[in-house]
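Chemist: following is a predicted model, sequence given first.
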Amino acid sequence: MDTDRLEALSDGVLAVIMTLMAFSLRVPAGGSFAALGPVVPHLLVYILSFAMLAIYWNNHHHLLRATERMDALVMWTNMLLLFWLSLMPFVTSWMSQHPALTVPVAVYGGVGLGAALSYTILVRSILRVNGKSSALGNAIGNDAKGYMSLVGYLLGIVVSFVFIPVAFVAYGLVAAIWFVPDRRLSRF
């Protein structure tokens, strides 16, 4: 099966998710710099979430360009990834309204972990169809960045119950390691 339709669907879903997040941005109550204060937490969480979605979009594009064959399992695991990413507007809004509360910060990390796990499963299902000795299999290698992401989200979730600022740092570091597109796949 060709990956064009899967990529087009994924692009459309991600565009809607990003649009929903943008609609949730709060406008300052006044026209001064002081009026920005109350919306800064929401804006910072929005920036982090948008960066994460952009990273997924970019790496997903390269992943599908490197995919020669796919099957029904690949399509379903792709839908699992889109499901987790579709929760980003909800958790972004919730965490930005309550950045000092453990549960919204932990749930945000849980959604990030769900997306990271589903992306890992998607990669594994694509490798199952294409083979570990395929060009994609050779490019993926040991997937250290993918496993570091899982650890980063887990760390953020656990530490959110102890000291929330470290959770924000953990989530930010996950985004930072992926900010430069995955070089293993960018040549495809």
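Modeler: On my side now, so go ahead.
Chemist: can you give the distance of stretch 161-179 from its chain's centre?
Modeler: Here the centre of stretch 161-179 is set off from its chain's centre by 13 Å, with CA atoms, centre = their mean, to the nearest Å.
Chemist: pull the number of nearby residues for the closest residue to Ser149 other than its chain neighbours.
Modeler: If the residues on either side of it in the chain are set aside, Ser149 comes closest to Ala116, at 4.6 Å by CB to CB, 6 or more residues apart in numbering. (Each C-beta comes from the backbone N, C-alpha and C, glycine too.) By the other CB atoms under 10 Å criterion, the neighbourhood of Ala116 contains 25 residues.
Chemist: likewise Leu9?
Modeler: As a burial measure, the neighbour count of Leu9 was computed by other CB under 10 Å and equals 14.
Chemist: in which helix or strand does it reside?
Modeler: Taking DSSP states H and E as the criterion, the element that holds Leu9 is helix 4-23.
Chemist: list the buried residues for that helix?
Modeler: 6-7, 10, 13-14, 17-18, 21 (16 or more other CB atoms under 10 Å).
Chemist: and it, C-alpha only, in PDB?
Modeler: Provided in PDB are the C-alpha atoms of helix 4-23 (Å, rounded to 0.1, in the frame of the first residue of the first chain):
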ATOM      1  CA  ASP A   4       0.300   9.100   0.500                       C
ATOM      2  CA  ARG A   5      -3.200   8.700   1.800                       C
ATOM      3  CA  LEU A   6      -2.000   8.000   5.300                       C
ATOM      4  CA  GLU A   7       0.200  11.000   5.300                       C
ATOM      5  CA  ALA A   8      -2.500  13.200   3.900                       C
ATOM      6  CA  LEU A   9      -4.900  12.100   6.600                       C
ATOM      7  CA  SER A  10      -2.300  12.600   9.300                       C
ATOM      8  CA  ASP A  11      -1.400  16.100   8.000                       C
ATOM      9  CA  GLY A  12      -5.100  17.100   8.000                       C
ATOM     10  CA  VAL A  13      -5.700  15.800  11.600                       C
ATOM     11  CA  LEU A  14      -2.500  17.600  12.800                       C
ATOM     12  CA  ALA A  15      -3.600  20.800  11.100                       C
ATOM     13  CA  VAL A  16      -7.000  20.700  12.900                       C
ATOM     14  CA  ILE A  17      -5.300  19.900  16.300                       C
ATOM     15  CA  MET A  18      -3.000  22.900  15.800                       C
ATOM     16  CA  THR A  19      -5.900  25.100  14.900                       C
ATOM     17  CA  LEU A  20      -7.900  24.100  18.000                       C
ATOM     18  CA  MET A  21      -4.900  24.900  20.200                       C
ATOM     19  CA  ALA A  22      -4.500  28.300  18.500                       C
ATOM     20  CA  PHE A  23      -8.200  29.000  19.200                       C
END
